[in-house]
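*Asks:* Quick one, structure for this:
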Amino acid sequence: MKETLKIALIQSDLVWENPKQNLKNFYEKIDNISEDVDLILLPEMFTTGFTMNAKDVAETMDGDTVKWMQSVALKTNAAVIGSFVVLEANNYYNRLLFVEPSGAIKYYDKRHTFTLVGEDKIYSAGFEKLIVDYKGWKICPLICYDLRFPVWARNTEDYDVLLYVANWPKPRISAWDALLKARAIENMAYCIGVNRVGVDGVNSDYSGHSAAYDVLGNKITSIEPDKEQTQTVLLEKRHIEAYRNKLKFLDDRDVFILK
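*Replies:* Okay, here's the model as predicted:
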């Protein structure tokens, strides 16, 4: 078990519906990370932008993006996390992959599809929460709109880190900031969100605000808005343990069953 975990947050613009170019761009950004990291965190739909044209860009789990993620994970000796459009059994999914250096894959299908733009009409929702045990750290990865639903993220599994990959638009970025901080505080876990920048193919504007928060809700990154930037952050097990032992708020959690 590692006592620390170093995560690289990659805040990037995305080329609309162009997986090949996006993979090339991210490869260059990852290649420029000058230190060893344990996890590399990419935005939601990092190969295409947040598109509803699933039939034009969807890949299978045997496609180029999965192979690319496995190759990058092996090369960097770091897990690679991000979501993209997957076609499986005649259904489209906004699927997050957690790809380990060994090539092992775990995945999570976005539970809360974004009804405001009709994501629910195109993509099938997932129903299984994913908790990954990686290097002795319990990690819960979620996707964008999931951030608005605290019950789904509730820390009933004693996870250490809550991750969000996103295409969260600029007009509602204050909600992103507030909710990331809230999820850290209420779950007594590190909470990290990576969001894109730039303007997409349907003229939605994104300002980034990628950030990491500690268990008390203190921001521990300094990524600039509206700018492509990669920043690493070091997480410490002793920080989690110290405050969970001192402030036993999780012991007072409500017991509930999701249906």
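*Asks:* The residue nearest to R183 when sequence neighbours are not counted: what's it in contact with?
*Replies:* Among residues not flanking R183 along the chain, C191 sits closest, at 4.6 Å (Cβ to Cβ, 6 or more residues apart in numbering). For every residue, glycine as well, the C-beta is placed using N, CA and C. Listed by Cβ atoms under 8 Å, 6 or more residues apart in numbering, the contact set of C191 reads 161-164, 180-181, 183-184, 212-213.
*Asks:* For C191, give its distance to V255.
*Replies:* For C191, the distance to V255 (Cβ to Cβ, to the nearest Å) stands at 22 Å.
*Asks:* How about L163?
*Replies:* Distance, L163 to V255, by Cβ to Cβ: 25 Å.
*Asks:* just E228 next, same as before
*Replies:* Going from E228 to V255 by Cβ to Cβ gives 44 Å.
*Asks:* do the same with E100
*Replies:* 32 Å.
*Asks:* Between these two, which is the more surrounded one?
*Replies:* E100 (20 against 5; other Cβ atoms under 10 Å).
*Asks:* is it true that the more buried one touches N77?
*Replies:* No. E100 lies out of contact with N77 (Cβ atoms under 8 Å); the separation is 9.8 Å.
*Asks:* can you map out the helices along the stretch 101-250 of the chain?
*Replies:* With DSSP state H, counting those that start in this stretch, the ranges of helices along the stretch 101-250 of the chain come out as 119-122, 150-153, 173-187, 237-246.
*Asks:* what about the strands in the chain?
*Replies:* 4-11, 39-41, 79-88, 91-99, 105-109, 132-134, 137-143, 161-166, 190-195, 197-199, 205-207, 211-213, 229-236 (DSSP state E).
*Asks:* Quick one: the ones you listed as JSON lines, columns for mean pLDDT too.
*Replies:* Below are the strands of the chain laid out as JSON lines (pLDDT from 0 to 100):
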{"stretch": "strand 4-11", "mean pLDDT": "98"}
{"stretch": "strand 39-41", "mean pLDDT": "98"}
{"stretch": "strand 79-88", "mean pLDDT": "98"}
{"stretch": "strand 91-99", "mean pLDDT": "98"}
{"stretch": "strand 105-109", "mean pLDDT": "98"}
{"stretch": "strand 132-134", "mean pLDDT": "98"}
{"stretch": "strand 137-143", "mean pLDDT": "98"}
{"stretch": "strand 161-166", "mean pLDDT": "98"}
{"stretch": "strand 190-195", "mean pLDDT": "99"}
{"stretch": "strand 197-199", "mean pLDDT": "98"}
{"stretch": "strand 205-207", "mean pLDDT": "98"}
{"stretch": "strand 211-213", "mean pLDDT": "99"}
{"stretch": "strand 229-236", "mean pLDDT": "98"}
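*Asks:* how about the ones you listed in TSV, adding distance to K121?
*Replies:* Below are the strands of the chain laid out as TSV (distance: least, Cβ to Cβ, whole Å):
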stretch	distance to K121
strand 4-11	29
strand 39-41	28
strand 79-88	14
strand 91-99	10
strand 105-109	16
strand 132-134	30
strand 137-143	17
strand 161-166	20
strand 190-195	24
strand 197-199	24
strand 205-207	22
strand 211-213	31
strand 229-236	34
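*Asks:* Confirm for me that L216 is in contact with I185.
*Replies:* Yes. Between L216 and I185 there is a contact at 6.8 Å, judged by Cβ under 8 Å.
*Asks:* Same drill for the two, tell me which one is more crowded.
*Replies:* More neighbours surround I185 than the other of L216 and I185, with 17 against 12 (other Cβ under 10 Å).
*Asks:* Got phi/psi on the nearest residue to that one once chain neighbours are set aside?
*Replies:* For I185, ignoring the flanking residues on the chain, the nearest one in space by Cβ to Cβ, 6+ apart is G217 at 4.2 Å. Backbone torsions of G217, given as degrees, to the nearest 10, read phi 90, psi 20.
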